[in-house]
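*Asks:* predicted model and sequence below, questions to follow.
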Amino acid sequence: MPLTIEQRQEQVRQAEEILFRPDESIGFARALFFGHFQAEAVFPYPRLDPEEAQVLASLLDGVRRFAEEEIDPFAIDREADIPRKVIRGLGQLGILGMTVPRAYGGLGLSQKAYSRVMEIIGARDASVAVFINAHHSIGLRGIVLAGSEAQKQHWLPRLCRGEALAAFALTEPEAGSDAANVQTSATPTEDGQHYVVNGEKRYITNGAIADVLTVMARTPVPGKETTQVTAFLVTPDMPGFEVVEARMPKCGIRGTATARLRFRNMRVPAANLLGELGKGLKLALSVIDYGRTTFGASCTGAAKVCVRAATQHARTRKQFGQTLGEFEMVKEKLAWMAAHSLAMEAMTFHCAHLIDTGAPDYMVETAMLKVFASEALWRIVNDTIQIFGGQAYFSNEPYERMMRDARINLIGEGANDVLRAFIALVGIRNVGLSLKGVLDALYRPWGQLGTLWRFGRRQIRQYLWAPAVPVRSGALQAEASDLGRRVQEFGRAVEAVLRRYREETLERQYVQKRLADAAIDLYASACVLSRLDALLTEASSQPPAQHDHMLSIGRYFLRLASRRIGTRLAQLWDNEDQKATQVADALQAANVSTLFDPGS
């Protein structure tokens with residue numbers, strides 16, 4: 001049933017409060033929707049601090065040895081458990097508190113350094129990567145971002161050492177990707193010393209093994225007509241905390257302890273409130289940005305494993321008198337896999353850099369990374385299985401497990417379809433406000449000449465000149481010009497959509513998907529181009545042959561992405577959307593769905 005006007009207005013009000021800032025500062029991704037290219041946001045390609053790079057090099061050696069010697073992905077999948085020995089080892093290496101400030105027991109390293117470590121973990125086993133993400137990227141992150149000094153001192157040192165584990169409890173039966181629909185309630189007691197929490201959480205990674213959980217619940221807030229989401233620190237020893245199901249059986253990442261929890265009149269001390277009253281949803285979305293960046297790193301590690309394995313197999317396996325790698329359909333798969341692995345890595349490193357530098361706006365970029373990386377890995381694993389053939393289907397090889405493990409990535413940390421709508425709607429919001437201001441000015445021109453003048457200048461610029469993409473290497477000028485042209489076309493398309501559909505754009509998900517996918521490819525292309533530019537203009541320890549290979553791979557990605565962008569923008573106006581709607585609506589009618597009864 002379509003939403004009522006009042007329901008839609010309430011959704012918009014909540015989104016405005018959570019997602020938009022009074023200063024209206026916008027980051028790279030949002031600027032794309034205006035047809036702008038914020039070069040300073042992606043050029044030059046980010047680098048690790050030299051001192052940190054030395055520390056990281058030593059840490060990576062230890063992580064690789066630990067992963068190879070102690071993490072047995074076959075056993076973890078078979079036993080559906082990550083051994084405590086592995087968890088203790090991760091704590092001793094410092095991985096469980098890698099980005100936590102040293103003052104609280106962490107290593108104090110950057111998100112970029114953390115991404116490098118998570119590539120190795122993701123390459124070895126997805127269950128361990130998800131466990132670390134749940135503990136470090138989102139579980140304890142709320143304490144780092146919003147905890148009181150007492151909360152930080154009490155929890156962070158033990159969490160960093162792995163002596164205590166953390167979880168993040170947001171998802172409920174009625175609140176998954178729709179995070180604002182949390183129904184768990186937290187009612188203050190008359191004396192104000194406690195909150196009484198009632199509700200249920202499900203699909204909570206580490207939920208039954210965590211020593212502290214960040215729990216989102218609705219609370220009354222002075223001055224607000226409706227209850228607001230607030231974050232609390234909850235421990236399993238609180239009366240009323242119930243583990244309904246400690247380890248929910250599932251398709252993949254079987255080593256993670258995914259729990260279903262229930263709270264029955266659970267009394268939580270008011271001192272356990274995390275951050276500000278009523279600001280829990282904003283904190284949750286901030287925390288998830290870290291989790292999505294870690295997702296990108298883990299997916300990149302797994303993708304690199306597939307590229308290496310598939311390439312080696314294609315080079316040595318013979319069929320019909322030729323190696324597999326001599327067949328063009330295999331060549332296409334290998335090239336696609338390599339190109340998108342490079343893009344995943346570049347996007348992850350850039351998102352991590354935005355976090356490290358305290359950029360005011362990167363929520364859209366991390367959503368883009370999550371969609372791109374999860375879907376690229378899904379295809380990469382599938383193509384790897386196709387290249388290996390029947391051999392990959394059996395459980396003595398890692399690929400069927402990797403396929404099962406990879407599928408959750410398209411759902412967790414926000415389902416990809418939901419994130420596409422989010423990317424599109426957040427991106428067009430500022431453009432829509434700009435157009436609304438111009439339309440208002442047209443009815444009152446003498447009082448709004450400044451608005452019309454600024455809009456006219458921007459329009460002339462956008463339609464006559466593509467934005468500059470300032471690469472330092474002359475060898476990349478053609479790619480830079482093509483990217484600038486695609487950004488210009490995208491900005492024009494966004495404006496055309498808003499002029500045509502106006503408020504209806506909020507409901508047109510066919511349009512939203514195409515705009516989001518085009519924007520994701522623009523962002524991926526910018527990150528890849530920045531990396532190639534650094535490759536050609538900065539000193540490197542890599543041999544020239546590797547430079548040439550990476551340049552070839554990166555250029556191939558840029559061509560693929562450019563073609564996809566053009567196709568998606570063309571499909572805004574030439575498509576089969578109406579037919580798809582007719583078929584889907586008819587199919588959902590009871591008398592039509594019986595057409596698909598097996599054997600009928």
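*Replies:* Sure thing, it's come through.
*Asks:* just give me the neighbour total for the residue lying closest to R486 once chain neighbours are set aside.
*Replies:* Take R486 and drop its neighbours on the chain: the residue closest to it by Cβ to Cβ, 6 or more residues apart in numbering is I565, 5.0 Å away. For every residue, glycine as well, the C-beta is placed using N, CA and C. I565 has 26 neighbours, counted by other Cβ atoms under 10 Å.
*Asks:* buried residues in the helix or strand where R555 lies?
*Replies:* Element membership for R555, per DSSP states H and E: helix 544-571. By neighbour count on 16 or more other Cβ atoms under 10 Å, the buried set for helix 544-571 is 550-551, 553-558, 560-562, 564-565, 568-569, 571.
*Asks:* T187: which of the residues you listed is nearest?
*Replies:* Closest to T187 out of those is R568 (47.8 Å), distances taken as Cβ to Cβ.
*Asks:* for the closest one, what are its contacts?
*Replies:* 514-515, 517-518 (Cβ atoms under 8 Å, 6 or more residues apart in numbering).
*Asks:* end to end, how far does stretch 355-367 reach?
*Replies:* 13 Å (Cα to Cα, to the nearest Å).
*Asks:* now what about that stretch, what contacts it?
*Replies:* Contacts for stretch 355-367 (Cβ under 8 Å, 6+ apart): 19, 21, 25-30, 41, 46, 110-112, 285, 288-290, 292-293, 347, 350-351, 354, 414, 419, 422-423, 426-427, 523.
*Asks:* from G291, how far out is the spatially most central residue of the chain?
*Replies:* With distances taken as Cα atoms, centre = their mean, K370 lies nearest the centre of the chain, 2.8 Å away. Note on K370: its distance to G291, by Cβ to Cβ, to the nearest Å, is 9 Å.
*Asks:* identify the contacts common to these two.
*Replies:* In contact with both K370 and G291: E413, using Cβ under 8 Å, 6+ apart.
*Asks:* burial count for G27?
*Replies:* 17.
*Asks:* how about G414?
*Replies:* By other Cβ under 10 Å, neighbour count at G414 equals 23.
*Asks:* swap in A586?
*Replies:* 12.
*Asks:* please work out the average pLDDT along stretch 58-65.
*Replies:* Stretch 58-65 shows a mean pLDDT of 97.
*Asks:* same question for stretch 171-191.
*Replies:* 86.
*Asks:* alpha carbons only: can I get that stretch in PDB?
*Replies:* Extracted in PDB, the C-alpha atoms of stretch 171-191 (Å, rounded to 0.1, in the frame of the first residue of the first chain):
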ATOM      1  CA  THR A 171      18.100  -4.900  13.600                       C
ATOM      2  CA  GLU A 172      14.600  -6.000  14.700                       C
ATOM      3  CA  PRO A 173      11.700  -7.800  13.100                       C
ATOM      4  CA  GLU A 174      10.300  -4.500  11.900                       C
ATOM      5  CA  ALA A 175      13.600  -2.600  11.500                       C
ATOM      6  CA  GLY A 176      16.300  -3.800   9.100                       C
ATOM      7  CA  SER A 177      17.500  -1.500   6.400                       C
ATOM      8  CA  ASP A 178      14.600   0.700   7.600                       C
ATOM      9  CA  ALA A 179      16.700   1.700  10.700                       C
ATOM     10  CA  ALA A 180      14.400   4.400  11.800                       C
ATOM     11  CA  ASN A 181      11.600   1.900  12.400                       C
ATOM     12  CA  VAL A 182      13.100   0.600  15.700                       C
ATOM     13  CA  GLN A 183      10.300  -0.500  18.000                       C
ATOM     14  CA  THR A 184      12.300  -1.500  21.100                       C
ATOM     15  CA  SER A 185      11.300   0.900  23.900                       C
ATOM     16  CA  ALA A 186      13.200   2.400  26.800                       C
ATOM     17  CA  THR A 187      11.000   4.100  29.400                       C
ATOM     18  CA  PRO A 188      12.600   6.200  32.100                       C
ATOM     19  CA  THR A 189      11.800   5.300  35.700                       C
ATOM     20  CA  GLU A 190      10.100   7.900  37.900                       C
ATOM     21  CA  ASP A 191      13.400   8.600  39.700                       C
END
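*Asks:* quick one: residues in contact with that stretch.
*Replies:* Counting by Cβ under 8 Å, 6+ apart, 11, 14, 18, 170, 194-204, 215-220, 227, 229-230, 232, 263, 267-268, 270, 281, 284-285, 414-415, 418-419 sit against stretch 171-191.
*Asks:* give me the distance from it to the chain's centre.
*Replies:* 23 Å (Cα atoms, centre = their mean, to the nearest Å).
*Asks:* please enumerate the helices of the stretch 351-500 of the chain.
*Replies:* 363-388, 399-407, 416-443, 449-464, 477-501 (DSSP state H, counting those that start in this stretch).
*Asks:* pick the most buried one from these.
*Replies:* helix 363-388 (a mean of 24; mean count of other Cβ atoms under 10 Å).
*Asks:* now it: how far from the chain's centre is it?
*Replies:* The answer for helix 363-388 is 11 Å, by Cα atoms, centre = their mean.
*Asks:* how big is the angle separating it from helix 416-443?
*Replies:* Helix 363-388 runs at 140 degrees relative to helix 416-443, counting by axes from the mean of the first three to the mean of the last three Cα atoms, to 10 degrees.
*Asks:* fine by me, thanks again.
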